[in-house]
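*Asks:* Build the 3D model from these lines:
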Amino acid sequence: MQPALTPSTASSQADTVTQQSIGAEEKKEAAKAAVAEQTEWPDPPKWLPKALHSLAYRNFFLLWVGQLTRALALYMDMVARPTLILTLTGSPVQLGLISLVRGVPMLLLAPIAGLMADRFDRRLLMLLPKVLISLINILFAVLVCTGEVQVIHIYITAALKSLIQVFDTPARQALLPSLVPPRLLVNALAINSGTMQVVRIFSASLAGFSIAIWAAAFGFSLEDSRSFGGVYIMLAVIYVICTLSTYYLQVPEQGRVRPTRTSWIASLVEGFRFAGRTPVILGILVLLGVQSLFGAPYTTVFVPWLSLEVMEIGPAGMGLLIGVSGIGSLLGAMFLATRGEKLYRRGLLVVGGLFCYGLALAGLGLSSLLPVATVFGLLVPIVPMFMIMCVGLFQSSITTIKNSVLLEYTPNELRGRIYSIQSLDRSMNMLGSSTAGFVIMAIGGPAGLGLFGFMCAASAVVVGLALPALRKVN
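*Replies:* Numbers count the residues shown, from 1 in each chain. Sure, this is the predicted structure:
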């Protein structure tokens, strides 16, 4: 029986690939970085719960505040944008096309963004995109409030924000391991994931109710685009706070990039070579692509369509449904935050989690055909709420464990490039979302989500059997 694969047993693979492409001076810099990573970290205060230990470190706390506000803006927009699109067009195909527009810049620029995260100041790469996106959000809020917003504006702002945001994500993810002690990496990732899920619980509902309240307060019909004004005003303010938290963040020595004489082309090739020759990294990336292709469209296409056109629960009900998925995600994140240091067989957990995630998606699609209950005058889809809570549970667990494996098995000088390769899953998301709209037109939303969920589960089984090295990850 072969022993479980750990970062120490896989290090020879990483070293072989890395050392072939860096010179003597860069090796010295890498050695200095390794020494820096062994720096003594102060212990968290005893009064702080174990699940929150990573928040005791100032720079991670600031990164977390940015993640919290970014998640709040993200999930509010996740409800408002598709609802606005359906209000203006009534077409499910448009929901898929907007994902296509957002995905193209990520697909084209992700490798370059990852390379920049390994060459330039990571804090600056996080700060500048947030400043620009804040300005875009303010402009879009003005268009919505004045009733001048058109579908073309949604496409342009989505494309611009995607084009800018692509440079922020690899830098943020590559910087995270240097902000907390190595033993708290899973804890930090779980806190980030849990934060997004807590925010999802109330932010999606907040967006849905805000649309209704703003419309009632100013006498707008829900079919009037001006009823979305309150949501986008809040979104613009929230992103300004996100920008300020990044401004005050400081990068520790072990998180700073080292100068390199390697050409840009050689550096790009180095990242792809490392991913291809490290079975654990390759397996995680393949599973991520599967999840993005068949799983991710449920939030961007299927849930909006099922909520508004199949169950007919309106924006408030849709916000409630998305919010409930955050409860399941929070449960998964809380478990990992407290048990992350004692988590074993992580590769097998990712494969099994993806299989269950697919089954939950199929259940969500089919359960949307069931009658909707009325609770205190609010339409409540009880069974779909339970199914989407399960979806959130498995999605959160998969994401946290997958990120911890990628970061632990990747050297600091390659983390930006590996995460940018991971970001290419947006192309799978783009393909899945654009296809989902046509699938809905062909066989309907419930059957379409059921099909996507089945494909997700079946693919997890195939990948798990084809890549035994992934199952051995400890």
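*Asks:* Please name the nearest non-neighbouring residue to M196.
*Replies:* With sequence-adjacent residues excluded and distances taken as C-beta to C-beta, 6 or more residues apart in numbering, M196 is closest to A71, at 4.2 Å. C-betas here are computed from N, CA, C, even on glycine.
*Asks:* Can you check the pLDDT for that neighbour?
*Replies:* Looking at A71, its pLDDT is 85.
*Asks:* Can you check which helix is longest in this structure?
*Replies:* Among all segments of the chain classified by DSSP state H, the helix with the greatest residue count is helix 185-218.
*Asks:* who does it touch, helix- and strand-wise?
*Replies:* Helices and strands in packing contact with helix 185-218 are listed as helix 58-89, helix 229-247, helix 314-339, helix 382-409; criterion 3 or more C-beta pairs under 8 Å, 6 or more residues apart in numbering; DSSP states H and E.
*Asks:* quick one: the helix or strand that comes right after the shortest one to helix 382-409, angle?
*Replies:* The C-terminal neighbour of helix 229-247 among helices and strands, as given by DSSP states H and E, is helix 264-277. The directions of helix 264-277 and helix 382-409 differ by 110 degrees, with axes from the mean of the first three to the mean of the last three C-alpha atoms, to 10 degrees as the criterion.
*Asks:* Please compute how far helix 264-277 lies from its chain's middle.
*Replies:* 24 Å (C-alpha atoms, centre = their mean, to the nearest Å).
*Asks:* Give the other helices and strands that that helix contacts.
*Replies:* Packed against helix 264-277 by the contact rule (3+ C-beta pairs under 8 Å, 6+ apart) you find helix 7-19, helix 92-117, helix 279-294, helix 415-423.
*Asks:* which secondary structure elements does the shortest one contact?
*Replies:* Identification of packing neighbours for helix 415-423 by 3+ C-beta pairs under 8 Å, 6+ apart yields helix 92-117, helix 168-175, helix 264-277, helix 279-294, helix 382-409.
*Asks:* Same check on the third one?
*Replies:* On a contact count with 3+ C-beta pairs under 8 Å, 6+ apart, helix 279-294 meets helix 264-277, helix 346-367, helix 382-409, helix 415-423, helix 425-443, helix 445-466, helix 468-471.
*Asks:* Tell me which of those helices sits nearest to S54.
*Replies:* helix 382-409 (12.6 Å; C-beta to C-beta).
*Asks:* So what's the gap between that closest one and the chain middle?
*Replies:* Using C-alpha atoms, centre = their mean, the offset of helix 382-409 from its chain centre is 11 Å.
*Asks:* and if you look at stretch 74-82?
*Replies:* 14 Å.
*Asks:* Kindly report the same for stretch 41-61.
*Replies:* Between the mean C-alpha position of stretch 41-61 and that of its chain there is a distance of 24 Å (C-alpha atoms, centre = their mean).
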